[in-house]
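1. just the structure for this:
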Amino acid sequence: MLTPCRMEHSNHTQRFNLSGQTALITGSSRGLGWEIAKAMAEAGAHAILNGRDRKTLENNVRLLSQSYLQAEAVVLDATDTAAVTQWVEDQAPRVDILVNNIGPRTRRPLAELMPQDFREMLDGGLVGAHNLARLLAPGMIGRGGGCIINVTSIAGPLGKPDDSAYVATKAGLEGLTRALATELGPRGVRCNGIAPGFFRTEANSEMAADPDVNHWVDLRVPLKRWGDPSEIAGAAVFLASPTASYVNGHILTVDGGVSTSF
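-> Numbering: from 1, shown residues only. Now for the predicted structure:
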């Protein structure tokens, strides 16, 4: 009886293997994007790291290569629609997994948030994701399928004062996720989202150092702590892997339980 149990376990864990897949992760020079890129590479994928900081990206690729993992860097502003379109048309490699992780952040009260600021947030966090999906989905369909993962936020469905542009952008990205799931699903492309909560990233360093914010986290997050960036990785690998082959249009919340309480 022991041998079949071992075989079943081995076969099941193998379904998390991403070998033979190529994953493009935008905004992967640091923070959650970097953790997702590392996890994809560790699962066997060829990881394409994207961002604007050439030095950091190339260093990240070097770190992965030293561990005998497959990776390359693409220095490109993923919010620049024209530049991204040109790159895809001219030189983009096959992409089986797209992780839309970019999303600029402008925390301002409504009265101080000008229309141009609002548009820039939408362009960076929503229009850019739509453009990459539009450009890369045909190739996925032609190869029999693929996977798109949009990194949203618990701020999308919950709302937050003095942060209307970010909330609207992430809510729109949730809607885009579901729309793409219904449109592309019949052609073999799954689309899901990951909604992070409070993660101790470089972008959140000021908040993480604020005693008032930490007190709030202790009161409101059932796990009573910030998330470590590495804790986002498993969710991304799961959604990209064959294990999630029947998961489509879902937003996987990774927030320590904060969105389940009031």
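
2. all the helices of the stretch 101-250 of the chain, residue numbers only.
-> Along the stretch 101-250 of the chain, the stretches classed as helices by DSSP state H, counting those that start in this stretch are 115-122, 128-142, 155-158, 164-184, 205-208, 211-220, 233-240.

3. switch the ones you listed over to a markdown table; also include mean neighbour count, mean pLDDT and distance to Leu252.
-> All C-beta spots, glycine's among them, are computed from the backbone N, C-alpha and C. Below are the helices of the stretch 101-250 of the chain laid out as a markdown table (neighbours: other C-beta atoms under 10 Å; pLDDT from 0 to 100; distance: least, C-beta to C-beta, whole Å):
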| stretch | mean neighbour count | mean pLDDT | distance to Leu252 |
| --- | --- | --- | --- |
| helix 115-122 | 14 | 88 | 23 |
| helix 128-142 | 19 | 96 | 16 |
| helix 155-158 | 18 | 86 | 13 |
| helix 164-184 | 19 | 94 | 11 |
| helix 205-208 | 13 | 84 | 23 |
| helix 211-220 | 13 | 92 | 20 |
| helix 233-240 | 22 | 97 | 5 |
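
4. mind putting the ones you listed into CSV with distance to Ser28?
-> Shown next, in CSV, are these (distance: least, C-beta to C-beta, whole Å):
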stretch, distance to Ser28
helix 115-122, 20
helix 128-142, 13
helix 155-158, 21
helix 164-184, 17
helix 205-208, 18
helix 211-220, 26
helix 233-240, 11
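
5. so which of these gets nearest Ala47?
-> Closest approach to Ala47 among the helices of the stretch 101-250 of the chain (C-beta to C-beta): helix 233-240, 11.1 Å.

6. tell me the first helix or strand C-terminal of that closest one.
-> Using DSSP states H and E, the next helix or strand after helix 233-240 towards the C-terminus is strand 251-254.

7. what's that following strand in contact with?
-> 152, 154, 174, 177, 192-197, 227, 231-232, 235, 238-239, 259 (C-beta atoms under 8 Å, 6 or more residues apart in numbering).

8. can you do 10 Å?
-> Counting by C-beta atoms under 10 Å, 6 or more residues apart in numbering, strand 251-254 makes contact with 32, 149-154, 156-157, 173-174, 177-178, 192-197, 199, 227, 231-236, 238-239, 244, 259-260, all of which sit outside it.

9. can you give the strand pairings for that strand, parallel or anti for each?
-> strand 189-196 (parallel) (DSSP bridges).

10. on that earlier part again, closest to Val74 out of the helices of the stretch 101-250 of the chain?
-> Across the helices of the stretch 101-250 of the chain, closest to Val74 is helix 128-142 (C-beta to C-beta), at 11.7 Å.

11. re the thing from before, and the helices of the stretch 101-250 of the chain: which comes nearest Ala78?
-> Taking C-beta to C-beta, helix 128-142 is the member of the helices of the stretch 101-250 of the chain nearest to Ala78, at 5.2 Å.

12. for the residue lying closest to Leu126 once chain neighbours are set aside, what are its contacts?
-> Nearest residue to Leu126 in three dimensions, chain neighbours excluded: Gly172, at 4.7 Å (C-beta to C-beta, 6 or more residues apart in numbering). Neighbouring residues of Gly172 by C-beta under 10 Å, 6+ apart: Met121, Leu122, Gly125, Leu126, Val127, Ala129, His130, Thr152, Gly156.
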